[in-house]
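>>> Predicted model, plus sequence, below.
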Amino acid sequence: MKYLKNVATLAYDADKCTGCRRCTEVCPHAVFEMRDGKARITDRDRCMECGACALNCEFGALTVGSGVGCAAAIIHSMIFGGEPTCDCGGTAGGKQNSCC
Amino acid sequence: MKPLKMSLQTVKPEQSCCTQPKNPGSLSPDRSARIQALHSLSGITNEKQPWVTGIMNTAAGLVPVAATEWTWADRRGQIRSRLGSFRDDYTVRPGLFAVGKPDAASDIFVSANYKLSFDLLRRALKGLDGWILVLDTKGINVWCAAGKGTFGTDELVKRVLGLNLAGLVSHRNLILPQLGATGVKAAEVKKKTGFHVRFGPVEADDIPAYVRAGYTAAPGTREIRFGLLQRLVLTPIELNQALRRLPVAALVILVLFGLQPSGIIFKSAWLEGWPFLLLCLTGVLAGAFIMPALLPLIPFRSFAAKGLLAGASAVIPLILLTPAGGSSIYLDATAMILFPLISSYLALQFTGATTFTTFSGVKKELKLWVPLYIAGLAVSIILLILYKIQSWGLI
């Protein structure tokens, strides 16, 4: 299953890639594959912007505008401000929304 | 959940087995070990969890041994946590646990303190000897907690150092669920604790094969699967949240139909209102149940569009082919506009439960669809006013 075309903000800098394979280990949608000792993006539309690759790339070769892909959280932050989070504005121990 | 709560209050984190005395020099080693053992024991025995089958004396203090079989209580807990707010308070105490008969060479598996996450892991480890390190994720599963950062680098580092895992095991590896990678920076964990982070497969059930294969994940086990079953177990929560607002919608509909120049007539409220109520319920079911269930089969990539299509194909035939369609063209038009849009809105909410929608994508959808929802609502209100005017014989 794929989501909307050409919206994922995943960016890759081949010059910085050292071929450590960490991104292929953490990506839950197999967006990366190894070719000639470097990682390569196979299909950007499969990226869900979870941020695992960018967080774990020690060499800064990957960046992605990550955030929760949850309508309720984004609507909440549009109305009440703040970053969209999984608890949809609920305080700790308060109600959780479907995203969690 | 009561006993757990009590134990959480009576056993403060600093008293539990989770922390080693920072400066053992001030107490005799024997005494500090005894105090630590006593504290861990009180932490363990106070809980009286049925899935704790024993206690192990280790270099990291006393460690409860977790069963790898589920009891009926565990199964019931899994079902209840899928249905509603029960999951908000379904936790295990963070800290170290054992499965089987682990020793210094055994693997350390890291999990969240949402009990279902922990249960899935310990069941998957059946037949293996290992340690389970439970992080304090505030009762949230690995994936969501990693997104929030509670299943994160700092918490992991704190637990690894606090429990002195370096003294417990001879190797320097931690096995984390792959979905924890959103919150854990492996390089930083290595720098601060000396432990190398291995991200295991997505599903706990694939761990034994992963371990047997020398810590390599088989093809496919690194990808999130989102099949029919995975989607269906999520729908009760979606339905629950949608149906929570239904009584209000039902009241509005019944008042609307009951409203006559002479006051609210209950007979006409019900007789004329029920088809409309049924159509509303159909729209809700289409968006919160049919759309998630049939997700890959419905055309379009946009969730809002999928929901609109699901809603329209459920509601419109009902209006045209069954007595649910009323005699008023205004009323039918309202139902045809409003309920598919409700379905679309609810389907868009399902983005929060899926494993492949993006932040950028949902933002893009909202930019397009929220104005449409507002416009649709405005048109529906105008049509309903026209319907009332018509039914009162004013035009």
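Sure thing, it's come through.

>>> Ramachandran angles for B:Leu259?
Dihedral angles phi and psi of B:Leu259 (degrees, to the nearest 10) take the values phi -70, psi 120.

>>> The residue in the stretch 151-300 of chain B positioned nearest to chain A in helix, strand or coil?
Using C-beta to the nearest C-beta, the closest approach of the stretch 151-300 of chain B to chain A is made by B:Ala181 at 3.6 Å. Using the backbone N, CA and C atoms, a C-beta is placed for each residue, glycine as well. Judged by DSSP: H, G, I helix; E, B strand; the rest coil, the three-state class of B:Ala181 is helix.

>>> Tell me which residues of the worst-scoring helix or strand of chain A on mean pLDDT come out buried.
Across the helices and strands of chain A, mean confidence by mean pLDDT, DSSP states H and E is lowest for helix A:71-80: a mean of 81. Neighbour-count burial for helix A:71-80, counted by 16 or more other C-beta atoms under 10 Å in any protein chain shown, picks out A:Ala71, A:Ala72, A:Ala73, A:Ile74, A:Ile75, A:His76, A:Ser77.

>>> Keep only those residues that also lie close to chain B.
Filtering the buried residues of helix A:71-80 for neighbours of chain B using C-beta under 8 Å from any C-beta of the partner chain leaves A:Ala71, A:Ala72, A:Ala73, A:Ile74, A:Ile75.

>>> Just give the nearest non-adjacent residue to the fourth one, would you?
Excluding the flanking residues, the one nearest A:Ile74 by C-beta to C-beta, 6 or more residues apart in numbering or on different chains is A:Pro84, at 4.7 Å.

>>> So in chain B, which helix runs the longest?
Scanning chain B for the helix with the most residues, using DSSP state H, yields helix B:359-391.

>>> pLDDT averaged over that one, what's the number?
Per-residue pLDDT values across helix B:359-391 average out to 93.

>>> between it and helix A:71-80, how many degrees?
80 degrees (axes from the mean of the first three to the mean of the last three C-alpha atoms, to 10 degrees).

>>> which strands and helices sit next to helix B:359-391?
helix A:71-80, helix B:303-321, helix B:329-349 (3 or more C-beta pairs under 8 Å, 6 or more residues apart in numbering or on different chains; DSSP states H and E).

>>> what do you get if the cut-off is 6 Å, keeping everything else the same?
helix A:71-80, helix B:329-349 (3 or more C-beta pairs under 6 Å, 6 or more residues apart in numbering or on different chains; DSSP states H and E).

>>> which residues touch the longest one?
Defining contact as C-beta atoms under 6 Å, 6 or more residues apart in numbering or on different chains, one finds that helix B:329-349 is touched by A:71-72, B:242, B:279-280, B:283, B:286-288, B:291, B:303-304, B:306-308, B:310-312, B:315-316, B:319, B:325, B:373, B:376, B:379-380, B:383-384, B:386-387.

>>> buried residues in that helix?
So, applying 16+ other C-beta under 10 Å, buried residues of helix B:329-349: B:330-349.

>>> Give me every residue in chain A lying close to chain B.
Contact residues, chain A versus chain B (C-beta under 6 Å from any C-beta of the partner chain): A:1, A:3-4, A:7-9, A:25-26, A:28, A:30, A:48-52, A:55-56, A:58, A:67, A:69-72, A:74, A:86, A:96, A:98-100.
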